[in-house]
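Engineer: Have a look at this prediction, sequence included:
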Amino acid sequence: MNIKLMNNFILFFWCTLSCMLHSCKVQFSLNGATIPEFAKTVQIDFFENKTTLGPPTMAPLFSETLRDVVSRQTPLKLFKSNGDLVFEGTISDFQITPVAIQGNDKAAQSRLSITVFVKYSCLKKAQLNFEDRFTRFTDFPATDNFQNRQDELMREVFRQITEDIFNRAFNNW
């Protein structure tokens, strides 16, 4: 009798747990991203370079970096238009400034700083929408020729910025 009661309890427990898990309204991924259940597609528009100093390769490099991050870390399908979630914006600032000034008034390090303006739209849940600027930087030896390292340095800054954008959109940070 006790075994039958125990088996019924276990069966009831698993059925209840299963129903609760299947009724969740949010999808979770292994990286901690929370994606609205209705969202199956994402649209990531081309981020135009609005800076005066930034190299012409910057806009396509950033746009592709964001697409790669979202497609690798979520189950969302990339669409060119009419996505359930939409990322759009511009690269609004690009600066190289001296840092770590030495005694001889020369900089030991230079800093590449990039700012990206992002508008994120969740078409079915407006409270998730945001508009924000994301700025990150990386330092490099002032003796290095920037043009020889610009793609590598921009990739590093874009990796940081896209991580921030991803966390804001999918982790509510």
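Structural biologist: Received it, and whenever you're ready, just let me know what you need.
Engineer: what does the longest helix seen in the chain contact?
Structural biologist: The longest helix of the chain (DSSP state H) is helix 146-170. If you take C-beta atoms under 8 Å, 6 or more residues apart in numbering as the criterion, helix 146-170 is touched by 33-35, 55, 57-58, 61-62, 65-66, 69-70, 73-74, 85, 87, 96, 110, 112-114, 116, 118, 120, 128, 130, 132, 134-138, 140, 173. Any C-beta I mention is one placed from the backbone N, CA and C, and that applies to glycine too.
Engineer: In helices, which of those fall?
Structural biologist: Mapping these onto helices (DSSP H) picks out Met58, Leu61, Phe62, Thr65, Leu66, Val69, Val70, Gln73.
Engineer: Save those as CSV, and put in neighbour count and distance to Ile165 too.
Structural biologist: Compiled in CSV, the ones in helices among the contacts of helix 146-170 are given as follows (neighbours: other C-beta atoms under 10 Å; distance: C-beta to C-beta, whole Å):
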residue, neighbour count, distance to Ile165
Met58, 21, 16
Leu61, 18, 15
Phe62, 26, 10
Thr65, 19, 10
Leu66, 22, 7
Val69, 18, 8
Val70, 21, 9
Gln73, 18, 12
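Engineer: would JSON lines of those residues with distance to Asn104 be doable?
Structural biologist: As requested, the ones in helices among the contacts of helix 146-170 are exported to JSON lines (distance: C-beta to C-beta, whole Å):
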{"residue": "Met58", "distance to Asn104": "32"}
{"residue": "Leu61", "distance to Asn104": "35"}
{"residue": "Phe62", "distance to Asn104": "36"}
{"residue": "Thr65", "distance to Asn104": "37"}
{"residue": "Leu66", "distance to Asn104": "41"}
{"residue": "Val69", "distance to Asn104": "41"}
{"residue": "Val70", "distance to Asn104": "46"}
{"residue": "Gln73", "distance to Asn104": "46"}
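Engineer: Quick check: Pro141 vs Arg159, distance?
Structural biologist: Relative to Arg159, Pro141 is positioned 20 Å away (C-beta to C-beta, to the nearest Å).
Engineer: neighbour-wise, which of the two wins?
Structural biologist: Comparing Pro141 with Arg159 by neighbour count (other C-beta atoms under 10 Å), the higher total belongs to Arg159, at 15 against 11.
Engineer: confidence score at the more buried one?
Structural biologist: On the pLDDT scale, Arg159 is placed at 98.
Engineer: Likewise for Leu123?
Structural biologist: Confidence for Leu123, expressed as pLDDT, is 88.
Engineer: any idea what sits nearest it, other than its immediate chain neighbours?
Structural biologist: Asp84 (5.9 Å; C-beta to C-beta, 6 or more residues apart in numbering).
Engineer: Now the one you found: phi and psi?
Structural biologist: Backbone torsions of Asp84, given as degrees, to the nearest 10, read phi -70, psi -30.
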